[in-house]
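**Student:** fold the following, please.
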Amino acid sequence: MSPLPRKLYLSGTVALLFAGASAWYILAALTPCQNLTPLTILATLSAFLISVCLRQMGRHPQRNIRLYLSACIAVAAITLVVDFHSVRSRRAVCGTPQWMQQSILPSRSQQ
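**Tutor:** You can find the predicted model right below:
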């Protein structure tokens, strides 16, 4: 069993960073519409990471490297699906006139 090349550790690190950032934005949102843009960007970056990992799989035929890259693809795919679901479910709430009116009007605590 050959060790992983150092360049491949970056793919796993980035996949875990994207997953952690997505969890942070989903759990730290004070309002439902607060973090839609960062979650959309993280979903796009996760899709790009999947394509990078698939390209790396073509370059490395060793089984252990392919398993590692498959795990990176799985983490990025889960991040992509969770971010998409979160943005899609919250977008319906954020598009309502009631929510738009609340976000435009200043709150009473700021006066």
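**Student:** give me the buried positions along the lengthiest helix in the chain.
**Tutor:** Ranked by residue count under DSSP state H, the longest helix found in the chain is helix 63-94. Neighbour-count burial for helix 63-94 flags 65, 68-69, 72-73, 75-77, 79-80, 82-83, 86-87, 90 (criterion: 16 or more other C-beta atoms under 10 Å). For the C-beta atoms, the positions are set from N, CA and C on the backbone; glycine is no exception.
**Student:** what is it packed up against?
**Tutor:** Under the contact criterion of 3 or more C-beta pairs under 8 Å, 6 or more residues apart in numbering; DSSP states H and E, helix 63-94 touches helix 6-27, helix 36-59.
**Student:** residues in contact with the first one?
**Tutor:** Residues from elsewhere that reach helix 6-27, judged by C-beta atoms under 8 Å, 6 or more residues apart in numbering: 35, 38-39, 42-43, 45-46, 49, 52-53, 56, 60, 65, 68-69, 71-72, 75-76, 78-79, 82-83, 86.
**Student:** how far off helix 36-59 does that helix point, in degrees?
**Tutor:** 160 degrees (axes from the mean of the first three to the mean of the last three C-alpha atoms, to 10 degrees).
**Student:** output helix 6-27 in CSV with nothing but the alpha carbons.
**Tutor:** Only the C-alpha atoms of helix 6-27 are listed here, as CSV (Å, rounded to 0.1, in the frame of the first residue of the first chain):
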residue,chain,number,x,y,z
ARG,A,6,0.9,15.3,-0.6
LYS,A,7,-1.2,17.1,-3.2
LEU,A,8,-4.1,14.8,-2.5
TYR,A,9,-4.3,15.8,1.2
LEU,A,10,-5.4,19.3,0.0
SER,A,11,-8.5,17.8,-1.6
GLY,A,12,-9.6,16.2,1.7
THR,A,13,-8.7,19.3,3.7
VAL,A,14,-10.8,21.5,1.4
ALA,A,15,-13.7,19.1,1.5
LEU,A,16,-13.7,19.1,5.3
LEU,A,17,-13.4,22.9,5.3
PHE,A,18,-16.4,23.3,3.0
ALA,A,19,-18.4,20.9,5.1
GLY,A,20,-17.5,22.7,8.3
ALA,A,21,-18.2,26.1,6.9
SER,A,22,-21.6,24.9,5.6
ALA,A,23,-22.5,23.5,9.0
TRP,A,24,-21.4,26.8,10.6
TYR,A,25,-23.6,28.9,8.3
ILE,A,26,-26.6,26.7,8.7
LEU,A,27,-26.4,26.5,12.5
